[in-house]
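Visitor: fold the following.
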Amino acid sequence: QSQLVESGGGLVQPGGSLRLSCAASGFSLADYAIGWFRQAPGKERTGFSCITRSGRAAHDEDSVKGRFTVSRDSAKNTVYLQMSSLNSEDTAVYYCAAHRTDWGCTMDDLKYDIWGQGTQVTVSS
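Guide: Residues are numbered from 1 along each chain as shown. Sure thing, here's the model as predicted:
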């Protein structure tokens, strides 16, 4: 069974950092682009970052550019989201998802086939 499992969420103070992990089981992430999405309370889920099979990252939201970094470790079959300078607007449930593709990546959630269960990130003092 193909699964993605996010971890690393939690409570962090404004200005702090967190690293989320997205670990795959039952399939190899090498064949997939990975997207990161988040859903804040009362809002729709939106995509904000993704990483291609070759490790090139893209960020779709100005709000995360320069603060969030995406990377992947093929040996561990895991993708990471490093978040820094967190603020209250980053509070959300964070999801990773996998999209089988030959190249590129997208923040269109309709393209993604495999989803993790989500992990809560709360930024508060």
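
Visitor: for Y80, see how far away G8 is.
Guide: According to Cβ to Cβ, to the nearest Å, G8 stands 8 Å off from Y80. Backbone N, C-alpha and C define where each C-beta goes, glycine included.

Visitor: the two: who's more crowded?
Guide: Y80 (20 against 16; other Cβ atoms under 10 Å).

Visitor: just give the nearest non-adjacent residue to that one, would you?
Guide: Spatially, and ignoring its direct neighbours in sequence, Y80 is nearest to S71 (5.0 Å; Cβ to Cβ, 6 or more residues apart in numbering).

Visitor: so who does the one you found touch?
Guide: Neighbouring residues of S71 by Cβ atoms under 8 Å, 6 or more residues apart in numbering: I51, G55, A57, V79, Y80, Q82.

Visitor: now the buried members of those residues.
Guide: I51, A57, V79, Y80 (16 or more other Cβ atoms under 10 Å).

Visitor: taking these one by one, which sit in strands?
Guide: Judged by DSSP state E, the buried ones among the contacts of S71 include I51, A57, V79, Y80 as members of strands.

Visitor: output these in a markdown table; the columns should cover distance to G104 and pLDDT.
Guide: Formatted as a markdown table, those follow (distance: Cβ to Cβ, whole Å; pLDDT from 0 to 100):
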| residue | distance to G104 | pLDDT |
| --- | --- | --- |
| I51 | 10 | 96 |
| A57 | 12 | 87 |
| V79 | 16 | 97 |
| Y80 | 20 | 97 |
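
Visitor: hang on, the earlier thing: does the residue nearest to Y80 sit in a helix or strand, and which one?
Guide: Assigned by DSSP states H and E, S71 belongs to strand 68-73.
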